[in-house]
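S.K.: Pasting the sequence and the predicted coordinates here, then a few questions.
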Amino acid sequence: MHKQAGIMLGAALEFRDQINSLDLQSPPKAISLNRTTAGAENEKAVAQACPPKLIVTSPPYPGIHVLYHRWQVDGRKEAPAPFWIAGKLDGAGSSHYTLGDRKNPGLQSYFDNLKATFSSVAAMADEDTTIVQMVAFSKPEWQLPKYLEVMEECGLEEHRPWDMPIEEEDGRLWRNVPNRRWHAHQKSRAPGAREVVLIHRKGRA
């Protein structure tokens, strides 16, 4: 945890230095909202800042067990430490943080919530907004096409702006997930072992 905190602090300081080097008349203002993305386009603070040039996100991974609301101690023990630190009670189950239960048939609740979320993302964007996502799949052979189908239903079109040759057969950028246990990397097809970068823009009317 100490190492990760140091990395995060270093990145934040580097970001600050980059902003300061732009010699802006006034520094950009950060707005932090503790709310769901679905419906956020109706938030006054969001509406005033839209449309953004860039949206970067990493949604919950469909069908993959991730402890968003727990910290693992010694690599195995699950502890609600974030809530202890914040002095709050955790009143929601894991599906509250992952867009849906990973055991739900066809991940229907996940994709329903995904559509609600990205419908709002599309409403915040315009045709010049670039939307970048990094996501992994437990069963990419059917989940990735379904995921892209939901993006299309939200009015978003996939783009591949890079000119360099891509080794992957599908022409997308993939990477091995960092900090995974060693045996996960020994199985290239292990659930969530690889992440893909998806780039979308709002379709032109």
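M.R.: Right, received. Where do you want to start?
S.K.: For the chain, name the helix or strand with the lowest mean pLDDT.
M.R.: helix 182-185 (a mean of 46; mean pLDDT, DSSP states H and E).
S.K.: Can you give the strand pairings for the following helix or strand past it, parallel or anti for each?
M.R.: Going down the chain from helix 182-185, the next helix or strand is strand 194-202, by DSSP states H and E. Using DSSP bridges, strand 194-202 pairs in its sheet with strand 130-136 (antiparallel), strand 156-159 (antiparallel), strand 173-176 (antiparallel).
S.K.: now those as TSV including distance to residue 10, mean neighbour count and mean pLDDT?
M.R.: Just so you know, the C-beta spots here come from the backbone N, C-alpha and C atoms, and that holds for glycine as well. TSV is the format used below for these (distance: least, Cβ to Cβ, whole Å; neighbours: other Cβ atoms under 10 Å; pLDDT from 0 to 100):
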stretch	distance to residue 10	mean neighbour count	mean pLDDT
strand 130-136	21	19	96
strand 156-159	31	16	94
strand 173-176	21	13	88
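S.K.: would you put the C-alpha positions of the lengthiest helix in the chain in CSV?
M.R.: Longest helix of the chain, by residue count under DSSP state H: helix 2-20. Output of helix 2-20 as CSV, limited to C-alpha atoms (Å, rounded to 0.1, in the frame of the first residue of the first chain):
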residue,chain,number,x,y,z
HIS,A,2,2.9,2.4,0.8
LYS,A,3,4.4,1.7,-2.6
GLN,A,4,1.2,2.3,-4.4
ALA,A,5,0.5,5.5,-2.5
GLY,A,6,4.0,6.7,-3.5
ILE,A,7,3.3,6.0,-7.2
MET,A,8,0.0,7.8,-7.0
LEU,A,9,1.5,10.8,-5.3
GLY,A,10,4.4,11.0,-7.8
ALA,A,11,1.9,10.9,-10.7
ALA,A,12,-0.2,13.6,-9.1
LEU,A,13,2.8,15.9,-8.7
GLU,A,14,3.9,15.3,-12.3
PHE,A,15,0.4,16.2,-13.5
ARG,A,16,0.6,19.4,-11.4
ASP,A,17,3.9,20.3,-13.0
GLN,A,18,2.5,19.7,-16.5
ILE,A,19,-0.4,21.9,-15.8
ASN,A,20,1.8,24.7,-14.4
